[in-house]
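>>> Model the following, please.
(one chain, ligands or ions: 1)
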Amino acid sequence: MKQVMIITGTRKGLGAALANHYLDKGHIVAGCSRSEGSIEHENYSHYQLDVADEKAVAQMVRSVARKYGRVDVLINNAGIASMNHFMITPASNVSNVFNTNYIGSFLFMREVSKVMVRKKYGRIINFTTVAKALNLEGETNYAASKAAVESLTKVSAKELGEFGITVNAVGPNPIPTDLINSVSKDKIQNIIDQQAIKREGTVEDVIHVLDFFMDKNSSFISGQIMYLGGINS
Ligand SMILES: NC(=O)c1ccc[n+]([C@@H]2O[C@H](COP(=O)([O-])OP(=O)(O)OC[C@H]3O[C@@H](n4cnc5c(N)ncnc54)[C@H](OP(=O)(O)O)[C@@H]3O)[C@@H](O)[C@H]2O)c1
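Okay, here's the model as predicted:
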């Protein structure tokens, strides 16, 4: 069945690949990014906004709900990383990372949940990372912001369970996108060496997890964090 989906961070990287995939499958996708959108499709609409902008997020979700009467799936993909020793990390960097990764996910969840509650149905999927599970050095703020996203996932799953809304999170291992451009080959290899299955991840690996969480039959699966590559927390 055709799903009405909101996917954040769809200009490039995983978000763009996910949006294109679900559009190809016949779903309706509303996406967003700070820069202009990059996807042209009859079932796609783009909203140029910062996910941490409370007013803009509320307006986008209202606009999608008005247009389609519902939102079935929210994928909180937009995210930024910060790879620095914490001793040389300015507070502005910490705010940026938390604003995008945590506050952005929180705002979209809050607004979309209000729409999903009316239909007593919804699937929310957040993005975490193996950097949190592995406590990777040099990624203090990134890992901490995703730890916050994991808590958001687990607590909100309890608060939304009675409304037929599930909340889960996927935690990819390294997947070649701009996000990890600045990470050295050695560091990537070091992460891969800690995985049960020793390779980089792919968009298809992520889609497989998203499809599982999105499935109507996954109504009894909520508050779960699924890392890729065989990483455990
Ligand atoms: N790639 C990996 O190895 C990896 C591993 C683990 C987890 N992840 C997670 O996967 C998700 C996607 O990462 P990616 O690798 O696809 O990153 P990416 O290639 O850097 O793309 C990030 C996307 O998010 C958008 N974005 C960033 N900040 C935003 C903001 N404040 N408001 C609105 N949109 C914003 C960007 O567009 P604009 O710049 O135009 O805003 C872009 O479309 C992130 O949550 C990341 O933490 C990735």
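>>> Pull the residues that contact the top helix by length along the chain.
Ranked by residue count under DSSP state H, the longest helix found in the chain is helix 140-160. The contact list for helix 140-160, computed with Cβ atoms under 8 Å, 6 or more residues apart in numbering, reads 76, 81-84, 86, 89, 93-94, 97-98, 100-102, 105-106, 109, 113, 116-117, 122, 124, 126-129, 131-132, 135-136, 166-169, 171, 222-223, 225. Where C-beta positions appear, they are placed from N, C-alpha and C, glycine not excepted.
>>> would you put the C-alpha positions of stretch 159-166 in PDB?
What follows is stretch 159-166, C-alpha atoms only, in PDB (Å, rounded to 0.1, in the frame of the first residue of the first chain):
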ATOM      1  CA  GLU A 159       4.700   7.000  25.400                       C
ATOM      2  CA  LEU A 160       3.400   6.200  22.000                       C
ATOM      3  CA  GLY A 161       2.700   2.400  22.300                       C
ATOM      4  CA  GLU A 162      -1.000   2.900  23.100                       C
ATOM      5  CA  PHE A 163      -1.500   4.900  19.900                       C
ATOM      6  CA  GLY A 164      -0.300   2.200  17.500                       C
ATOM      7  CA  ILE A 165       2.900   4.100  16.800                       C
ATOM      8  CA  THR A 166       6.200   2.300  17.000                       C
END
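>>> Which residue lies nearest the spatial centre of the protein?
For the chain, the residue sitting closest to the mean C-alpha position, by Cα atoms, centre = their mean, is residue 77 at 2.6 Å.
>>> re the thing from before, list only buried entries from the contacts of helix 140-160.
Neighbour-count burial (16 or more other Cβ atoms under 10 Å) is assigned, among these, to 76, 81-83, 89, 94, 97-98, 100-102, 105-106, 109, 113, 116, 122, 124, 126-129, 131-132, 136, 166-169, 171, 222-223, 225.
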